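**Q** quick one: sequence and predicted model below, then my questions.
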Amino acid sequence: MLTAEQLGLQESVRDLFADHSTESRVRQVVGERSAFDAGLWERLAKLGLAGLIVGEESGGQGGTLTDLCVVLVEAGAALACVPLLATSGALSLLHNTGAADLVEPLATGAQVWTPALAEGRSGWGLQAVSATAKPGWTLSGTKTYVAHATAADGFVVSARTPDGPALFAVTADAAGVRREALKSLDATRPLGTVTFENSPARLLAAGADAENAYTAAMDVIAVLTAADAAGVARRCTAMAVDYAKTRRQFGRAIGSFQAIKHACADMAVAAESAGSLVWDAAAALHNGPDPVAASTAKAYCCDAAVHCAEENIQVHGGIGFTWEHPAHLYLRRAKGNELAYGSPAEHRDRVALALAAGV
């Protein structure tokens, strides 16, 4: 359950996105192939939302993970083209590795950093990395599926050292850093490839410290991605219900037909369940890493978002399949969340392994 303060935050953020993340504005940002909506991001930063979960001593607001999830749900519902998920993920990694001096520019919105963790089909696990770092430290390798890669000011990068996997900070203007935009399905959160060629890097954590920091951060990122997906599910359900009430066929509203009723009811259950899982998972993580709660939320909410987005298109019929209708933008966002930071199948495997291990 949300507190009165969190409900107030929810209302304020919803109103902000209603004014500044309209369908026309989203289409403009997508059409311009912008890395993100700089004006909207500046507004969020001025409100302290960029560093909502960062302590006040580091330029943040000292909020909770649930507070940030409130914002992410609304961002998903509004298709907000901002690097909030990426920056929050980078902040979590930096905080968990004790890089306090790198946190403040991100918390204030002055800089945008993003995690650079995946390498093609090898997955998101820290042990799967093939990028290498030599004592010194210089880093070489290629990271893909990097959110907002072409506009980021820096990256938190996983790489292998002679002593095992580690986490590094690399600025975007460092020598040997090359960035290339990818043609991605979800244009509201563009992806890119980042190649490092003997790029100067700062060691953040190695060995067990890196593993612990990575695991804790990935739990947070999973819940934040689930929150965005829950917002997509909620909005798609509302769109479908509203259309079913007003669209008439054979002399009656299509919402009076049993097939449409059942579709909307299933969507409502999925969306409501997704929201509940987000709040539960965020609360669970207040006490430390919880792979079961985090991965359960990620898997279910992303599946729910895709289901609701697909059903929304079906309820709208022919118009739902057109470029002019926003339904496809929500399906794209849902599919992007589904695959980001581990697919639902990968997260279900993670839940099974954690339960088998008695976590």
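**A** Arrived safely.
**Q** rest of the way, CA atoms for contacts and neighbours
**A** Noted.
**Q** contact partners for Ser34?
**A** By C-alpha atoms under 8 Å, 6 or more residues apart in numbering, Ser34 lies in contact with nothing.
**Q** repeat that for 10 Å
**A** Contacts for Ser34 were tallied using C-alpha atoms under 10 Å, 6 or more residues apart in numbering; they are Gln28, Cys81, His148, Thr150, Ala151, Ala187, Thr188, Arg189, Pro190.
**Q** from Arg189, how far off is the second one?
**A** Summarising the geometry, the distance separating Cys81 from Arg189, computed by C-alpha to C-alpha, to the nearest Å, is 6 Å.
**Q** go on, Ala357?
**A** Separation of Ala357 from Arg189 (C-alpha to C-alpha) stands at 35 Å.
**Q** which of those two has more residues huddled nearby?
**A** Neighbour totals were compared for Ala357 and Arg189, and Arg189 leads with 25 against 8 (other C-alpha atoms under 10 Å).
**Q** who does whichever strand or helix holds Ala283 touch, helix- and strand-wise?
**A** Assigned by DSSP states H and E, Ala283 falls within helix 258-284. Counting contacts by 3 or more C-alpha pairs under 10 Å, 6 or more residues apart in numbering; DSSP states H and E, helix 258-284 is packed against helix 65-77, helix 207-246, helix 291-316.
**Q** may I see the buried residues of that helix?
**A** Within helix 258-284, the residues scored as buried using 16 or more other C-alpha atoms under 10 Å are 260-261, 263-264, 266-268, 270-275, 277-284.
**Q** repeat for stretch 44-53
**A** So for stretch 44-53, counting by 16+ other C-alpha under 10 Å, buried means Leu44, Ala45, Gly48, Leu49, Ala50, Gly51, Leu52, Ile53.
**Q** show the pLDDT at the second one.
**A** I take that to be Ala45. What the model reports for Ala45 is a pLDDT of 95.
**Q** could you find the closest non-adjacent residue to it?
**A** Among residues not flanking Ala45 along the chain, Gly109 sits closest, at 5.0 Å (C-alpha to C-alpha, 6 or more residues apart in numbering).
**Q** could you do the first one as well?
**A** The shortest distance from Leu44 to any non-neighbouring residue, by C-alpha to C-alpha, 6+ apart, is to Ala50 (6.3 Å).
**Q** doesn't Ile53 belong to a helix?
**A** No: in this structure, Ile53 is coil, not part of a helix, as judged by DSSP: H, G, I helix; E, B strand; the rest coil.
**Q** gap between it and Val269?
**A** For Ile53, the distance to Val269 - C-alpha to C-alpha - is 30 Å.
**Q** check Val359 and give its pLDDT.
**A** So, for Val359, pLDDT stands at 63.
**Q** tell me how many other residues surround the closest residue to His347 other than its chain neighbours.
**A** Spatial nearest neighbour of His347, chain neighbours left out: Ser295 (5.0 Å); criterion: C-alpha to C-alpha, 6+ apart. Neighbourhood size, Ser295 [other C-alpha under 10 Å]: 30.
**Q** give me every residue that touches Ser295.
**A** 218-223, 226, 281, 301, 342-352.
**Q** let's see it at 7 Å
**A** Ala222, His347, Arg348, Arg350, Val351 (C-alpha atoms under 7 Å, 6 or more residues apart in numbering).
**Q** with adjacent residues omitted, what lies nearest to Gln61?
**A** Leu52 (4.9 Å).
**Q** residue contacts, Tyr341?
**A** Contacts of Tyr341 (C-alpha under 7 Å, 6+ apart): Trp124, Ala222.
**Q** one step back: for the residue nearest to Ala45, grab the count of nearby residues.
**A** By the measure other C-alpha under 10 Å, the count of residues near Gly109 is 24.
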